[in-house]
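In: Take this sequence and fold it.
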Amino acid sequence: MRIATLGSGLMTAALVPHWIAAGHDVLIGGRSIEHARSLARRLDVKAGSLADAAAFGEVALLAVRSEGLAEVIADSGASSGLLEGKVVIDCGNAVYLPDFSQVRWDGRSLAEQFEFQAPGSRVVKAFNLCHADVWRTPTTYGGHRLKVPFCGEQGAKQIVAPLIEAVGVEPFDIGDLSQARHLEAMAIVMIRALRNGLPVRSALNLIPSDA
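Out: As a prediction, the model looks like this:
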């Protein structure tokens, strides 16, 4: 499968190596071409602009801070339909962080904002509840693999589920894209906990009862 990235930061660097190892063809796209090329050289894959990435990928990883969303949508051609029919994995959060002491959110999910502004795209929300270091080298929690809640249109989720498994974690389907609002609200809990000193590789996990 051809996978492109709309972003070349920490989340891209953490997730993409797993997909390369699984045999997927990857192109790193970013707002900064030089930054995208630098990461692509480290991973031994192709690099390009955001528009190159949108044209290349059957699946695109949207890995961008909320304040960069408008620029990514414009520069990738997503607003003109360049991602029509393609699956977009959104791993971010529409959370405003003016400084380390505040976390604010207005209730609109980043995933839904992107899908609305990128006509025809098929957005799936996943990977937003943990720091990038968790995805870099997944481990177990309470003796169990980490469960990754994800949501979106059914056909798109069927494409994304194996990509979640390729990271070494377990996909957990929670419904359609409207559930992204709940995932992003959950992320606020984790962000606050990390800001308050919780170890960076901490995670919220669903584990079965022993009863």
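In: can we go C-alpha only for contacts and neighbour counts from here?
Out: OK.
In: Point me to the residue sitting closest to the centre of the protein.
Out: For the chain, residue 91 is the residue whose C-alpha lies nearest the centre (C-alpha atoms, centre = their mean; 2.1 Å).
In: Is it correct that it is in contact with residue 63?
Out: Yes - at 5.9 Å, residue 91 counts as touching residue 63 under the criterion of C-alpha atoms under 8 Å.
In: which residues are common contacts for the two?
Out: residue 11 (C-alpha atoms under 8 Å, 6 or more residues apart in numbering).
In: how far does the top helix by length along the chain sit from the chain's center?
Out: Longest helix in the chain by number of residues (criterion: DSSP state H): helix 180-195. Centroid separation between helix 180-195 and its chain, computed with C-alpha atoms, centre = their mean, to the nearest Å, is 14 Å.
In: That one: which residues count as buried?
Out: Residues of helix 180-195 classed as buried: 180-181, 183-185, 187-188, 190-191, 194 (neighbour count, 16 or more other C-alpha atoms under 10 Å).
In: follow-up on the earlier one: need the per-residue pLDDT for the residue nearest to the centre of the chain.
Out: Model confidence at residue 91, given as pLDDT, is 97.
In: Show me where the protein has its helices.
Out: Along the chain, counting by DSSP H, helices occupy 10-21, 33-43, 50-56, 69-76, 110-117, 132-136, 154-166, 180-195.
In: now the angle from the first one to helix 33-43?
Out: By that I understand helix 10-21. Using axes from the mean of the first three to the mean of the last three C-alpha atoms, to 10 degrees, the inter-axis angle of helix 10-21 relative to helix 33-43 is 40 degrees.
In: what angle separates helix 10-21 from helix 154-166?
Out: Angular relation of helix 10-21 and helix 154-166 on a 0 to 180 degree scale: 80 degrees, by the same axes, to 10 degrees.
In: could you dump helix 10-21 to CSV, C-alpha only?
Out: What follows is helix 10-21, C-alpha atoms only, in CSV (Å, rounded to 0.1, in the frame of the first residue of the first chain):
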residue,chain,number,x,y,z
LEU,A,10,7.5,13.2,16.1
MET,A,11,4.3,11.2,15.4
THR,A,12,5.3,10.5,11.8
ALA,A,13,8.8,9.5,12.9
ALA,A,14,7.3,7.1,15.5
LEU,A,15,4.6,5.4,13.4
VAL,A,16,6.0,5.3,9.9
PRO,A,17,8.9,2.8,10.6
HIS,A,18,6.4,0.2,11.6
TRP,A,19,4.6,0.5,8.2
ILE,A,20,7.9,0.5,6.3
ALA,A,21,8.8,-2.8,8.2
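In: so what does it touch, helix or strand wise?
Out: The contact analysis (3 or more C-alpha pairs under 8 Å, 6 or more residues apart in numbering; DSSP states H and E) places helix 10-21 against strand 25-29, helix 132-136, helix 154-166.
In: go on, the third one?
Out: Contact partners of helix 50-56 among helices and strands, from 3+ C-alpha pairs under 8 Å, 6+ apart: strand 2-6, strand 25-29, helix 69-76.
In: These into TSV, with extra columns for mean pLDDT and mean neighbour count?
Out: Converted to TSV, these look like this (pLDDT from 0 to 100; neighbours: other C-alpha atoms under 10 Å):
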stretch	mean pLDDT	mean neighbour count
strand 2-6	98	26
strand 25-29	98	27
helix 69-76	94	18
